[in-house]
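*Asks:* take this sequence and fold it.
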Amino acid sequence: MNTKTASVSWINIVGQKVHDYKLLIKFRLTLTVVFSSVMAYFISITGDIDWKAAGILSLGGFLVTGAANALNQALEKDYDRLMKRTADRPVAAGRMKMSEAVMSAGFMSLFGITLLALFNPWTAFFGMIALMSYAFVYTPMKRISPAAVTIGAIPGALPTLIGCAAAQGAITPLGLTLFAVQFLWQFPHFWSIGWLGFEDYAKAGYKLLPTRNGQQDPATGFQSFLYALLLVPVTVLPWMMNVTNVWSAVIAVTLSLVYAVFGWNFYQKLNRKAALQLMFFSFLYIPVILVTFYLTKL
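*Replies:* Predicted coordinates for the structure are as follows:
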């Protein structure tokens with residue numbers, strides 16, 4: 001093998017390893033989690049933004065979330081092989097040993113929690129709760145009961161509470177409100193995804209959706225509508241607490257009602273198109289809501 005060939009081979013190996021780690025930590029999903037946490041920090045902080053602190057929060061949140069996702073894939077490797085959308089994950093595909101994934105998760109969690117602890121005990125505590133509940137409660141529960149969605153919504157919403165605690169040093173009404181917004185948002189989001197991937201999830205024995213006679217329960221659509229509707233009163237709370245101006249309430253109520261309309265449409269039609277519409281709007285909803293809260297701060 002000549003030098004040029006060896007160099008190309010080395011680059012390919014490194015490139016594959018980088019790609020595998022991006023899959024292991026679910027890179028894009030992890031970035032969205034970090035976004036929620038940092039936006040909650042921006043919304044909650046008084047005075048000028050401490051960009052160094054925001055960077056530490058971002059890195060700490062990224063590592064903790066990456067660790068949770070790595071543990072999730074290590075624990076579910078045998079089931080990931082059964083689903084088309086997850087079969088190429090590095091542990092499931094055999095490109096990465098389970099020990100490597102677990103060790104990587106260990107280092108990421110150690111450094112991530114340490115960074116969060118630089119703010120206060122609350123940020124470290126909630127970071128650990130998010131990691132443990134996602135990896136060791138939500139992950140096995142997915143094969144037992146649709147209640148997994150409710151359990152998974154807790155670590156899914158904790159990044160906003162972590163961001164708020166990093167800014168305010170305590171559990172505050174604003175932090176609980178941002179937590180509630182992200183918590184409620186997840187139900188239509190996950191149910192639309194679960195509906196679209198029902199057959200694939202069923203192959204691995206996952207029970208993310210309520211079923212009736214082995215098929216998706218139509219009540220899922222109504223529950224999607226209901227949870228979206230509950231966002232209407234919750235998203236006006238920052239305005240009522242004098243954190244944001246009236247425009248945040250106007251925009252938040254409008255978005256929440258539109259989200260509820262998509263949920264109702266999903267309930268009425270229960271087809272792929274309606275589920276896709278609800279899913280895509282859910283991707284838009286949470287970043288727009290958080291950015292709105294930030295831009296309308298008093």
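
*Asks:* how about F35, secondary structure?
*Replies:* helix (DSSP: H, G, I helix; E, B strand; the rest coil).

*Asks:* ok, now G47?
*Replies:* coil.

*Asks:* now it: how far from L270?
*Replies:* 49 Å (Cβ to Cβ, to the nearest Å). Any C-beta I mention is one placed from the backbone N, CA and C, and that applies to glycine too.

*Asks:* F119 and A53 touch, don't they?
*Replies:* Yes. In this structure F119 lies within contact range of A53 using Cβ atoms under 8 Å: 7.3 Å.

*Asks:* more crowded one of those two?
*Replies:* F119 (21 against 15; other Cβ atoms under 10 Å).

*Asks:* what strand or helix carries the closest residue to that one other than its chain neighbours?
*Replies:* Residue nearest to F119 in three dimensions, not counting chain neighbours: A166, with 4.3 Å by Cβ to Cβ, 6 or more residues apart in numbering. Assigned by DSSP states H and E, A166 belongs to helix 148-168.

*Asks:* and after that helix, which helix or strand comes next?
*Replies:* As assigned by DSSP H and E, the chain's next helix or strand after helix 148-168 is helix 173-196.

*Asks:* following that next one, which helix or strand comes up?
*Replies:* Criterion used, DSSP H and E; the element after helix 173-196 is helix 198-203.

*Asks:* same question for that next one, mean pLDDT?
*Replies:* Averaging pLDDT along helix 198-203 gives 84.

*Asks:* which helix or strand lies directly C-terminal to that helix?
*Replies:* Counting by DSSP H and E, what follows helix 198-203 is strand 211-212.

*Asks:* pLDDT of that next one, averaged?
*Replies:* 72.

*Asks:* contacts for it, please.
*Replies:* D217, P218 (Cβ atoms under 8 Å, 6 or more residues apart in numbering).

*Asks:* strand partners of it, parallel vs antiparallel please.
*Replies:* Paired neighbours of strand 211-212 in the sheet (DSSP bridges): strand 215-216 (antiparallel).

*Asks:* which positions within stretch 37-54 qualify as buried?
*Replies:* Of all the residues in stretch 37-54, those buried under the rule 16 or more other Cβ atoms under 10 Å are S37, V38, M39, A40, Y41, F42, I43, S44, I45, A54.

*Asks:* can you give me how far that stretch is from the chain middle?
*Replies:* 20 Å (Cα atoms, centre = their mean, to the nearest Å).

*Asks:* stretch 90-101 too?
*Replies:* 23 Å.

*Asks:* may I have that stretch exported as CSV, CA atoms only?
*Replies:* This file holds the C-alpha atoms of stretch 90-101, laid out as CSV (Å, rounded to 0.1, in the frame of the first residue of the first chain):
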residue,chain,number,x,y,z
PRO,A,90,-23.3,2.2,15.0
VAL,A,91,-23.9,-0.2,17.9
ALA,A,92,-26.8,-1.9,16.2
ALA,A,93,-24.9,-2.3,12.9
GLY,A,94,-21.8,-3.7,14.7
ARG,A,95,-19.4,-0.9,13.8
MET,A,96,-19.0,0.1,17.4
LYS,A,97,-18.7,-2.2,20.4
MET,A,98,-21.3,-1.7,23.2
SER,A,99,-18.4,-1.2,25.6
GLU,A,100,-17.2,1.8,23.6
ALA,A,101,-20.6,3.3,23.5
